[in-house]
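Novice: Everything below, folded, please.
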Amino acid sequence: MAALSGGAPWRTGWLPALRLARRSSKAVTRHWKAVHLQRQKLMALTEYLPPRPPVPERCLRPPQQPRQEDNGYARLLRRQVEEVFRDSRMVAVCQYNSMPGEDVVLMRHYLRKHNIEVKFVLNEIVRPVLSQSRYRNLLPLFVGRNILLVSPETKAKEMLRVLKGVPQVNLLGACIDDTILSRQGVENFAKLPSLEASQGQTLGALTLLPSQTCSLLQHGAAHLTALLDQHIHQLRDGAGQGGTPKGPEPPQSPGTP
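Specialist: Numbering: from 1, shown residues only. As a prediction, this is how the structure comes out:
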């Protein structure tokens, strides 16, 4: 103790201010044990079961959600779509895939040369308009991203010629002169002659029949007149020669030699 009390200070013993005492943990006296069979039966019998509804949930009518009012911009777009279908003789529905902006401008330029406009529309705007109109059969075409090619004239041949060089735009169908056509129907329509040529052919066919009827009706009178003229000439020739005039020979039947 003297050695500890005296001597150098760094040799003096020291006690920590906080001591950690490690004690042994308590023994686990409770282990998992399976519930007795009788207790399991009792718990199964006394388990609460909520009463079933008299009508299954799948048969109940879903709650009506409050109808959201359309804003003015949506009504304006729908009015524009209605005007497009009302004022255009040709409305083609095409599937639009992503393409560079320069190609879009070039395609619009070539189509505008033939008086064909490109309209980018949303399905949320077009479908309600078509469902309440006579063009409801076009609804299955508006599934993905679509565009409309509209024109006041039926320029199907020119439209197909331009779309042939744009593989990103695929023609799905069209409405031409209030008639819904598929892609094949539009191609067949493009092969038809123009309206002026068809009107000329129809006018020629209608003029040919009356002319043939008129010629057939005048054929008998003209033939009779020719026979009478020939008979008069023969009578004059016979009177000038002082002989007995000979009448015209009777016509022979096709079967006589």
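Novice: chain center to whichever strand or helix holds Q212: distance?
Specialist: Per DSSP states H and E: Q212 is located in helix 195-241. Centroid separation for helix 195-241 versus its chain: 58 Å, with C-alpha atoms, centre = their mean, to the nearest Å.
Novice: if I look at N97, how far off is R79?
Specialist: Remark: distance between N97 and R79 (C-beta to C-beta, to the nearest Å) = 28 Å. Heads up, the C-betas are built off the backbone N, CA and C, glycines and all.
Novice: E187 too?
Specialist: E187 is 32 Å from R79, by C-beta to C-beta.
Novice: Tell me where the model's unsure across the stretch 1-150 of the chain.
Specialist: Along the stretch 1-150 of the chain, the parts satisfying pLDDT under 70 run over 1-29, 70.
Novice: redo that, cut-off 80
Specialist: For the stretch 1-150 of the chain, applying pLDDT under 80 flags the ranges 1-32, 53, 56-58, 60-70.
Novice: what about the strands in it?
Specialist: 90-96, 117-120, 146-151 (DSSP state E, counting those that start in this stretch).
Novice: got those strands as a markdown table, with mean neighbour count columns?
Specialist: A markdown table is the format used below for these (neighbours: other C-beta atoms under 10 Å):
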| stretch | mean neighbour count |
| --- | --- |
| strand 90-96 | 21 |
| strand 117-120 | 14 |
| strand 146-151 | 20 |
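Novice: do you know which of these lies nearest I232?
Specialist: strand 90-96 (67.6 Å; C-beta to C-beta).
Novice: Turn the strands of the stretch 1-150 of the chain into CSV, including distance to L130.
Specialist: As requested, the strands of the stretch 1-150 of the chain are arranged in CSV below (distance: least, C-beta to C-beta, whole Å):
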stretch, distance to L130
strand 90-96, 10
strand 117-120, 14
strand 146-151, 11
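Novice: right, and those strands - which one's nearest A221?
Specialist: Proximity to A221 (C-beta to C-beta) singles out strand 90-96 among the strands of the stretch 1-150 of the chain, at 53.1 Å.
Novice: Next one: the residue nearest to R108 when sequence neighbours are not counted from V84, what distance?
Specialist: Leaving out its chain neighbours, the residue that sits closest to R108 by C-beta to C-beta, 6 or more residues apart in numbering is V118, at 5.2 Å. From V118 across to V84, the span is 12 Å (C-beta to C-beta).
Novice: Give the residues shared as contacts by these two.
Specialist: Common neighbours of V118 and V84, counting by C-beta atoms under 8 Å, 6 or more residues apart in numbering, are L148.
Novice: picking up where we left off before, who's more crowded, E187 and R79?
Specialist: Ranked by neighbour count (other C-beta atoms under 10 Å), E187 and R79 place E187 first, with 14 against 11.
Novice: The more buried one and K164: what is the separation?
Specialist: To K164, E187 is 11 Å away according to C-beta to C-beta.
Novice: same thing with E102?
Specialist: Counting by C-beta to C-beta, the gap from E102 to K164 is 19 Å.
Novice: which secondary structure element contains R161?
Specialist: R161 is part of helix 156-163, with elements assigned from DSSP H and E.
Novice: List the buried residues for that helix?
Specialist: For helix 156-163, the neighbour count (16 or more other C-beta atoms under 10 Å) marks A156, E158, M159, L160, V162, L163 as buried.
Novice: can you check stretch 185-195 too?
Specialist: Buried residues in stretch 185-195, counted by 16+ other C-beta under 10 Å: V186, F189, A190.
Novice: Could you find the closest non-adjacent residue to K155?
Specialist: Per C-beta to C-beta, 6+ apart, closest to K155 is H114, 4.9 Å.
Novice: try L192
Specialist: S198 (7.5 Å).
Novice: Quick one: neighbours of the one you found, just the number.
Specialist: By the criterion of other C-beta under 10 Å, S198 has 11 neighbours.
Novice: What score does it have for pLDDT?
Specialist: Note on S198: pLDDT of 77.
Novice: just the one 10 residues further on next, same as before
Specialist: For L208, the model assigns a pLDDT of 77.
Novice: what about it, distance to L139?
Specialist: Separation of L208 from L139 (C-beta to C-beta): 46 Å.
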